[in-house]
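Asker: take this sequence and fold it.
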Amino acid sequence: MLTADSERPQVAVKTAGEGTAYILLHGGMGSWNHWARNIDALADHFQVRAVDLPGYGDSPDVEKTMSGEEYRGLVCRAIGEMLDGDEPFHLTGFSFGGALSSCIAAHFGDRVKGLSLIGSGGFGKQAGRPPVNTRSYKSAGDDEAKYREIVHGNLLAFMLTNPESINDTAVDYHGGNVRRTRFDSRKVSLGDTQRTDLARITCPLQLIWGSDDITAYPSIEDRVAMCRERVPDLRIDVIPGGSHWAMYDSAETVNALLLDFHLGLAN
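Answerer: Have a look, this model is predicted:
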């Protein structure tokens, strides 16, 4: 159990490849497998470290009363424990992990060589939330078939907008991740933290959104404008037809965009 005062928190990490460290942070109700279609491509050029955040996947539990700000501090300390000395690293975060990644980039300063945010959270409740027609996972009870039906429906309502992209693997990933979620990501993802964190980062910034990402509310343009006020020379990539979980349904495109950005910074 990790607490807000844990000085040297350890988390589970899936590692692949060699070279400069490249840290990947998953979204809410997620784990390392949010990056299952991206790790190999990135690992051809970097040492990829796909993290299970505290209270997710194989990482330790956290106190249920932990606030969003306490959690952000805990994650920064956990990332520090993963790194050697003043080791530099590249960083990409998805959704909830995007809100955390901006905090990490602000905390570690020039050690972060590049930051990519995919469908990021952290824009505050005042931005509003889109209507999402999801069902309660608990309503399935012990009925596994009903549970998988709910997972499939919720993926289509929120994560993946194209029904053809929701295969058995996606259901397996999301269904397993939901059952291993022990922290409420909304404490972080609904916080108004990007305004402060992005103003403090020193590294180049890339924003990636799927054009059909319903979480970019009220619009992608609105969120980009806020970010550009803090980082005027940011890079923006919008994937036509891409969903919120763009790394899954638009994996080849996302891989190419990430490599184009981060390899350019590494050279």
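
Asker: pretty sure D249 is touching G242, no?
Answerer: Yes. Look at D249 against G242 with Cβ atoms under 8 Å: they come within range, at 6.6 Å. C-betas here are computed from N, CA, C, even on glycine.

Asker: anything in contact with each of those two?
Answerer: G210 (Cβ atoms under 8 Å, 6 or more residues apart in numbering).

Asker: quick one: low-confidence ranges for the stretch 101-250 of the chain?
Answerer: Low-confidence segments of the stretch 101-250 of the chain, defined by pLDDT under 70, are located at 126-130.

Asker: now the helices: where do they sit in the stretch 101-250 of the chain?
Answerer: 144-154, 168-179, 186-189, 194-198, 220-230, 246-249 (DSSP state H, counting those that start in this stretch).

Asker: which one of those is the most hemmed in?
Answerer: Across the helices of the stretch 101-250 of the chain, the average number of neighbours (mean count of other Cβ atoms under 10 Å) peaks for helix 246-249, which reaches a mean of 26.

Asker: pull the CA atoms of that helix into CSV?
Answerer: Included here for helix 246-249 are C-alpha records, laid out as CSV according to Å, rounded to 0.1, in the frame of the first residue of the first chain:
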residue,chain,number,x,y,z
ALA,A,246,-5.9,6.4,-30.6
MET,A,247,-2.9,4.3,-29.8
TYR,A,248,-5.0,1.2,-30.3
ASP,A,249,-7.3,2.0,-33.2
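
Asker: now do it: which elements does it pack against?
Answerer: In terms of contacts (3 or more Cβ pairs under 8 Å, 6 or more residues apart in numbering; DSSP states H and E), helix 246-249 is packed against strand 205-210, helix 251-266.

Asker: where does the residue nearest in space to the middle of the chain land on pLDDT?
Answerer: Geometric centre of the chain, nearest residue: F94, 2.2 Å, by Cα atoms, centre = their mean. The predicted local distance difference test score for F94 is 98.
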